[in-house]
Structure formats: C-alpha cells, structure tokens
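> Fold the following and give me the result.
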Amino acid sequence: MKEYILKKKYPIKLDNNYGNTFLLIYEDNDQYEVVVRIVEPDFITGIYKCIYQTKEFGKDVKFLNHKWDLTGSYVLVLYENTGSGGFLTYKVLGYRGNKIIQYVSEKMIIFGSVFFKEKSLIRVTCNQYWVWKRIHNNMTLTPYHVPKLPGAEVIEYSLEAEGKDEKTYKVIIDQPEYKVPVGKIIQIIRKDFNDITGNLRVWSNNDCMKFLNIKYGYSLTSKCATTITIQLTAGAYNWDSAKEIKVEAR
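Predicted coordinates:
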C-alpha cells in the first residue's frame, strides 16, 4: 500500500476569501509518484481541506505564484522540465467561483521554459518566445519579441524550411564570426516564429565562458580571453543543418 510523505510546503496567494492557502507536495514511499495539493482552511471550522490535487508532475515540479494580466488576479503556475530535451509541462491555475480552475496548459514543449515578465506570462521553446494574450475572449499564445540588452553584442538568427521534410530546414545567420572585448555580454536571439524546433549549443576552448541568468534570449559573457562556439540547428536533432558561429573574446 502506498504511503505519501509531505516533502514540501509553501504559502501561496490566490484570490480567495480565506487566505492561509498552501501548496503541498507529497512523495510516495518508493519515490515514484508525486501528489500536488492546494489546501485552505474551512471558513467555519478552520480545518484545512484540499481544494485541488494532481498527480501529473514528478518530484522536480516547481511553481510560480504571480498576478496575471489576463485575469487581473493571482495565479499558480505548476511546471516541470523532463528528459534530455528539457520538455516543459505546465498548467496555470486560478481561483474563481469558490473553486480552483485551470486557465491554460501545455505538455512536452521541447527545450521549454515559462516565466513572468511583469504581469505577462512568457513561454519559451527552442529560444523562441511567446506571450499569452486574450484575443476575442480566448487565451492565445502570440509572438513575443525579445528586447535587446543595452550594450550587448546581439547575435540574431532564424530557422526556415522549404517543406515539411527536415532535409529542407536551414539556419540563417548574419555572419559566422564576431570579435568582442572580454566581459561584453553576448545575447543570442532567434528572430523567426516558424513552427520549427531547433537546438542551440554553446561551448568555449577554456573555462572562461559564463552563462547569465537573464530571461531574454540566450545570454553569456567571458571572464577572460577565449573562443566561444555557438552551434545552431534547424530541427532539434537535425545535425546535418548545423551552422557554427565563432566569437573571439579578447
């Protein structure tokens, strides 16, 4: 018989009238299954009750708790990345009509991430950015143009296709080589919004490269003189399409 052990407990904010709402994460005794619950106190008795439960996530589940411009209220985003492709699964939950409702969700978004920019919810796949908007009263993903970082060396590229076969996919770059001073921020931005997956790998010939925790585009810098290689593919694992960009930091 499975037993579930409470592993994590977080206070969260939703637009209910009770307050004192918590997100609880349980694992079974074999660590194979995770249960995520939202609990709040009963208005009369004060005893905590479960108002939402899901088993859709694993033990790497994370959450965002933020006010969303599409609802004007606080929402809870449950999300998780799995597998070598960083596949993103997430759902956006809110409180309406005295119950938890699901606004939007997506599963298995390759090389995916999700975050809030102020009150807007941004979803990323393969270095391509989308923002949730309300169009004709429907919540819809629309293209989000990544802002260029002030003072950064911006490297832009796009992925194109002449047909549905991956053999027709290609990477379009402005130039194959760049020279930058040591310490300059390098921002890699994908320009297109075509329905093409892509891979982006970056490495250097020493330990001088440093990735930056900046949400907009793929951003990095150098701590000392180095040669940075940026490899881009059209099609997540279509290595035949790969193009390389060299960045000399001196």
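> Excluding chain neighbours, give the residue nearest to residue 225 in space.
In this structure, residue 225 finds its nearest non-sequential neighbour in residue 250, 5.3 Å apart by C-beta to C-beta, 6 or more residues apart in numbering. Heads up, the C-betas are built off the backbone N, CA and C, glycines and all.
> For residue 167, give me phi and psi.
The phi/psi pair for residue 167 (degrees, to the nearest 10) reads phi -60, psi -20.
> you'd agree it is up against residue 240?
Yes. Taking C-beta atoms under 8 Å as the definition, residue 167 is a contact partner of residue 240 at 7.4 Å.
> Outline the domain layout of the chain.
Domains of the chain are assigned by automatic domain parsing as 4-143, 153-249.
> Including mean pLDDT and mean neighbour count, could these go into JSON lines?
JSON lines is the format used below for those (pLDDT from 0 to 100; neighbours: other C-beta atoms under 10 Å):
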{"stretch": "domain 4-143", "mean pLDDT": "94", "mean neighbour count": "15"}
{"stretch": "domain 153-249", "mean pLDDT": "94", "mean neighbour count": "16"}
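> quick one: the helices in the protein?
Under the criterion DSSP state H, the chain carries no helices.
> you'd agree residue 103 is up against residue 95?
No. Shown here, residue 103 and residue 95 do not form a contact pair, counting by C-beta under 8 Å, at 10.9 Å.
> okay, and the common contacts of these two?
In terms of C-beta atoms under 8 Å, 6 or more residues apart in numbering, residue 103 and residue 95 are not both contacted by any residue.
> Could you pull up the residues touching the most centrally placed residue in the chain?
Nearest to the geometric centre of the chain sits residue 113, at 0.9 Å (C-alpha atoms, centre = their mean). Shown in contact with residue 113 (C-beta under 8 Å, 6+ apart): 81, 86, 88, 123-124.
> switch to 10 Å and redo it
Applying C-beta atoms under 10 Å, 6 or more residues apart in numbering to residue 113 gives the contacts 79, 81, 86, 88, 90, 122-125, 127, 129, 215.
> With residue 231 instead?
So residue 231 contacts 171, 199-203, 239, 242-245 (C-beta under 10 Å, 6+ apart).
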